[in-house]
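**Q** Just need the structure, nothing else, for what follows:
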Amino acid sequence: MKLTTNTQVSVDGVMQGNGGPDHTGGFERGGWARPLFDSESMAYVDRVYQGADAFLFGRRTYALFAAYWGAREDLENPIVGALNTKPKYVASNTLTDPRWADTTVLSGDLAAAIRELKAGSEGELQVHGSGELVRWLLEHGLVDEMNLLIVPVVVGQGARLFPE
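**A** Numbering: from 1, shown residues only. Okay, the predicted model is just below:
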């Protein structure tokens, strides 16, 4: 399986809170990306999600996605349909009872578990958001492709994909 990361990032490198409120670390500018998406941008995002064969999340992003996307039942929506019908994996040593259907928790030797996933089948394993996980995956040579959707805005504060 090819591991692909998909990240919405501002011109100044911020990825935090792109879709909605996130007050972690005093961040106050959540939801900065969506108002700037036109129909072409949304069509691209829809195609990306539909191209996934499975999803991999960090624990925090998983919790956000499960609460929002996992609660939706409008499977005709391309993102909702993809997220609620395809396997999901979450990298966590603290989550023990995932409540989102078709979710497997990966813990312990995460690098070995992801290598096994990648070797196990064809298709695309997508990571959305999950900044800490993306940086960890890069450090361990597990990313096959990175896609950055650069949103034309300067956010000015917040967690960046590449902090340094």
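**Q** check contacts around the most centrally placed residue in the chain.
**A** Residue closest to the average C-alpha location in the chain (CA atoms, centre = their mean): His128, at 1.6 Å. His128 sits next to Thr5, Asn6, Thr7, Phe55, Phe57, Thr61, Phe65 when contact means CB atoms under 8 Å, 6 or more residues apart in numbering. No exception for glycine: its C-beta is placed from N, CA and C like everyone else's.
**Q** Let me see the confidence value for the fifth one.
**A** Predicted confidence (pLDDT) for Phe57: 97.
**Q** now swap in the first one and tell me
**A** At Thr5, the pLDDT value in this model is 97.
**Q** Identify the bridge partners of the residue nearest to it when sequence neighbours are not counted.
**A** In this structure, Thr5 finds its nearest non-sequential neighbour in Val127, 4.5 Å apart by CB to CB, 6 or more residues apart in numbering. Taking DSSP bridges as the rule, Val127 bridges to Thr5, Leu56.
**Q** Start and end of stretch 13-20, how far apart?
**A** 17 Å (CA to CA, to the nearest Å).
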